[in-house]
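**Student:** sequence first, then the predicted structure:
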Amino acid sequence: MRKILVIHGPNLNLLGEREPDIYGKVTIEDINKDLEKLAKSKGVSLRIVQSNHEGEIVELIGKAKKDFDAILINPAAYTHTSVAIRDAISAVAVPAVEVHLSNIYSREEFRHTSLIAPVAKGQVSGFGKMSYILGLEAAIGLIKK
């Protein structure tokens, strides 16, 4: 069975209560349930992790090559700052899809640059919870070619 690693970055554990005008009322549990449902229907298994720690995310990505066929990642604030996460994705050569709940390009200027996008297969942003669903569909498409 194909396996996808889902990584939720910093502060995504606060979804539903954190800045609902930007991120909505959806919780990380809501997102995870929908991802699991879609994965099951497509014959794919998921490992879902949320971390507020850059080093932990780097280690997860570094170990992904031996266990996972793709990565679905919302690096959150690390999108704009983490060369380490960018380099980890590049190093493992596991196809990665970057997702964001909000449209990072319509927000503050510092959010307009993604260090992850150049090493990801693609990016989905601005569709709330649907960004994750669309991103998972893309990741499944990449590994089922």
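**Tutor:** Nice, thanks for sending it over.
**Student:** give me phi/psi at Val97?
**Tutor:** phi -120, psi 130 (degrees, to the nearest 10).
**Student:** okay, now it: neighbour count?
**Tutor:** 27 (other C-beta atoms under 10 Å). Glycine gets a C-beta too; all of them are placed from N, C-alpha and C.
**Student:** and what of Gln123?
**Tutor:** 18.
**Student:** next: Gly128.
**Tutor:** 17.
**Student:** ok, it - contacts?
**Tutor:** Tyr23, Gly24, Val26, Leu101, Ser102 (C-beta atoms under 8 Å, 6 or more residues apart in numbering).
**Student:** distance of Ala64 from Lys129?
**Tutor:** Counting by C-beta to C-beta, to the nearest Å, the separation of Ala64 from Lys129 is 24 Å.
**Student:** and the next element down the chain from the lowest-mean-pLDDT helix or strand in the chain?
**Tutor:** Within the chain, confidence by mean pLDDT, DSSP states H and E is lowest for helix 20-23 among all helices and strands, at a mean of 69. Next helix or strand after helix 20-23 toward the C-terminus (DSSP states H and E): helix 28-41.
**Student:** what's that following helix packed up against?
**Tutor:** Under the contact criterion of 3 or more C-beta pairs under 8 Å, 6 or more residues apart in numbering; DSSP states H and E, helix 28-41 touches strand 2-8, strand 44-50, helix 129-143.
**Student:** columns mean neighbour count and mean pLDDT on top of the ones you listed, output as a markdown table?
**Tutor:** Putting these into a markdown table (neighbours: other C-beta atoms under 10 Å; pLDDT from 0 to 100) gives the following:
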| stretch | mean neighbour count | mean pLDDT |
| --- | --- | --- |
| strand 2-8 | 22 | 98 |
| strand 44-50 | 16 | 98 |
| helix 129-143 | 20 | 97 |
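**Student:** out of those, nearest to Ala77?
**Tutor:** Nearest to Ala77, of all the helices and strands packed on helix 28-41, is strand 2-8, at 12.1 Å by C-beta to C-beta.
**Student:** give me the contact list for the closest one.
**Tutor:** Contacts for strand 2-8 (C-beta under 8 Å, 6+ apart): 28, 31-32, 35, 39, 43-51, 57, 60-61, 64, 67-76, 94, 136, 139-140, 143-144.
**Student:** quick one: buried residues of the helix or strand harbouring Glu56?
**Tutor:** Assigning secondary structure by DSSP H and E places Glu56 in helix 54-67. Judged by neighbour count using 16 or more other C-beta atoms under 10 Å, the buried positions of helix 54-67 are Glu54, Ile57, Val58, Leu60, Ile61, Ala64.
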